[in-house]
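>>> My questions are about this predicted structure, shown below with the sequence.
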Amino acid sequence: MVIPALEALDRLREGNARFVQDRHGSVASARADRREELLDGQAPFAIILGCSDSRVPAEIVFDQGLGDLFVIRVAGNVVAPSQVGSVEFAADVFGTRLVVVLGHSQCGAVVATLDELARPSDSRSPNLQAIVDRIRPAVEELVESDDGSDEASLVERAVRANIRSSADHLRHGSRLLEDLIRDDALLVVGAEYSLETGAVEFFDGIPEAS
């Protein structure tokens, strides 16, 4: 059964509210009989492209169980061809209608990028540098216009800019995804998880009616 994007979004909001209130309901969906149900296939109701940070496991912060979410995790929730392909796979094969780019407060990859812009380094490995280079375009303008008086505010704005950039990349970096979005068969939104409160705020690409 294909779940519409807005209904999927509501499920995530409700699950996160349970998580914040410490009243989890997903334990039942991890039982042995649920594992058996999933042997014949899966139908995740949302795709989550999130950061690899150990403090932001999507299934837990959205209080979901086995088979509910198709989760892709990479440092800095950046979008590279493998991430685009993974989203395409879930959207095309499973018919999943909602994609959430989930960043979080105090993101280490974003902070590393801001540090790189302030103090370029040649000691970072090429693989780590590739992550920084994908975040850089989203935050360069913020750094150039920043007066240096409030570092915490710069990080907050950079985290959101990076989330928006990744969501926009998914919306416009794949013919398959573009076609699904055009046909109202896919919704891509951006959200930020607060390490401090546990709450997820959906702030980018949200239809007004939702």
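Now that the structure is in, tell me what you want to look at. Numbering: from 1, shown residues only.
>>> residues in contact with Arg124?
Glu116, Val132 (CB atoms under 8 Å, 6 or more residues apart in numbering). Bear in mind the C-beta positions are built from the backbone N, C-alpha and C, glycine included.
>>> next SSE after the lowest-mean-pLDDT helix or strand in the chain?
Ranked by mean pLDDT, DSSP states H and E, the weakest helix or strand in the chain is helix 32-37, scoring a mean of 87. Following helix 32-37 in sequence order, the next helix or strand is strand 46-50 (DSSP states H and E).
>>> what's in contact with that following strand?
8-9, 11-12, 56, 58, 62, 68-74, 77, 79, 83, 86-87, 90-91, 96, 98-104, 166, 170.
>>> what lines up beside it in the sheet?
Looking at strand 46-50 with DSSP bridges, its partner strands are strand 69-73 (parallel), strand 98-104 (parallel).
>>> could you give me the average pLDDT of whatever helix or strand comes next after it?
Next along the chain after strand 46-50, taking DSSP H and E as the criterion, comes helix 58-61. Averaging pLDDT along helix 58-61 gives 96.
>>> ok, now which ones touch Glu88?
So Glu88 contacts Ser174, Leu176, Leu177 (CB under 8 Å, 6+ apart).
>>> Next step: the residues you listed restricted to helices.
Leu176, Leu177 (DSSP state H).
>>> among the contacts of Glu88, who's most crowded?
Among the contacts of Glu88, the one with the most neighbours (other CB atoms under 10 Å) is Leu177, at 22 neighbours.
>>> you'd agree Asn162 is up against Val110?
Yes - with contact defined as CB atoms under 8 Å, Asn162 reaches Val110; the gap is 5.5 Å.
>>> other SSEs contacting the lengthiest helix in the chain?
Secondary structure of the chain per DSSP H: the longest helix is helix 151-172. Helices and strands touching helix 151-172, by 3 or more CB pairs under 8 Å, 6 or more residues apart in numbering; DSSP states H and E, are helix 81-89, strand 98-104, helix 108-118, helix 126-145, helix 175-182, strand 187-193, strand 200-204.
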